[in-house]
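Trainee: I'd like to go over a predicted model; first the sequence, then the structure.
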Amino acid sequence: MKTKEQEIISKVPEVTLIFWIIKILATTLGETGGDAVSMSMNLGYLVSTGIFAAIFLFSVIAQVSAKKFHPVLYWTTIIATTTVGTTLADLVDRSFGIGYAGGTTILLTLLLASLFLWHRALGSIAVDTVCSPESEMFYWVTIMFSQTLGTALGDWTADTAGLGYSGGAILFGAMLAVIAVAYYRTTISSTALFWAAFILTRPLGAVVGDFLDKPIGKGGLDLSRYSASATLLVLIILSIFIFSQKPAKRGH
């Protein structure tokens, strides 16, 4: 019989198939939406990062202040992390001249440090333990770093490594498939597999987003960033309202 503490409901969703579908749609939207503001609107990476950072902070404050799980608020915050991650990664990699390899290395270090400090402070980085303001702050900071890292990693794979957008999508898709098999067929920590999958969905979304809106001469489909972003947003909204999502329960 579960104790009262174990029955505490978190404000993050259960990790199900629909969770991963919406997550990939959101990361792809982060790429097309971020590029739409920074490139199509010609606002640049710095200004765009400032805009999306403000949206991200507002969303996180609302999410942490909420008394229960709200799917729309949760996924709005996720989208905010993907858009700020896109422009921030581009700012670090391109405007600061660090390059994809340098940006990826810095962001990976920050992500691992966030996970380490989270585990050190609270004893667990499992999603079903995100039930307090402190754990939520660690959760969202970690996610923001993972989204930013994913953008840099996706660009590095597609451009520097020469795999192109479709090649990058196949690579990251295959890696996610391996993680799925490991989840069902091995005894590897489900928490470790979750974060590995969570991180890898971002570069997958980054290369898919670039594939949708980059010029045909560069391996893309040359679709409008605005129409691609609008289509992805509609798909996310439909997924949220059609498919019921339950909050994760502590001790689940």
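Mentor: Perfect, thanks for sending it.
Trainee: Tell me where the stretch 101-250 of the chain has strands.
Mentor: Ranges of strands in the stretch 101-250 of the chain, per DSSP state E, counting those that start in this stretch, are 247-249.
Trainee: Would you mind measuring from Thr27 to Thr87?
Mentor: When Cβ to Cβ, to the nearest Å is the yardstick, Thr27 and Thr87 sit 14 Å from each other. Every C-beta, even on glycine, is put in place using the N, C-alpha and C of the backbone.
Trainee: My error: substitute Leu57 in the last question.
Mentor: Computed with Cβ to Cβ, the distance linking Leu57 and Thr87 is 14 Å.
Trainee: repeat for Trp156
Mentor: Taking Cβ to Cβ as the criterion, Trp156 is separated from Thr87 by 17 Å.
Trainee: With neighbour numbers in mind, choose between these two.
Mentor: Applying other Cβ atoms under 10 Å to Trp156 and Thr87 shows that Thr87 carries more neighbours, namely 30 against 22.
Trainee: who's in contact with the most centrally placed residue in the chain?
Mentor: Per Cα atoms, centre = their mean, the C-alpha nearest to the average position across the chain is that of Gln147, at 4.2 Å. Residues counted as contacts of Gln147 (Cβ atoms under 8 Å, 6 or more residues apart in numbering) are 27, 30, 81-82, 84-86, 202.
Trainee: Give me the spatial nearest neighbour of it, chain neighbours excluded.
Mentor: Leaving out its chain neighbours, the residue that sits closest to Gln147 by Cβ to Cβ, 6 or more residues apart in numbering is Gly85, at 3.2 Å.
Trainee: do the same with Gly150
Mentor: When the adjacent residues along the chain are set aside, Gly150 lies closest to Arg202, with 2.2 Å between them (Cβ to Cβ, 6+ apart).
Trainee: still on that earlier bit, just the buried residues of the host helix or strand of the residue nearest to Gln147, please?
Mentor: Gly85 is located in helix 71-90, with elements delineated by DSSP states H and E. Buried residues in helix 71-90, counting neighbours by 16 or more other Cβ atoms under 10 Å, are found at 71, 73-90.
Trainee: do the same with stretch 183-196
Mentor: Buried residues in stretch 183-196, counted by 16+ other Cβ under 10 Å: 191, 193-196.
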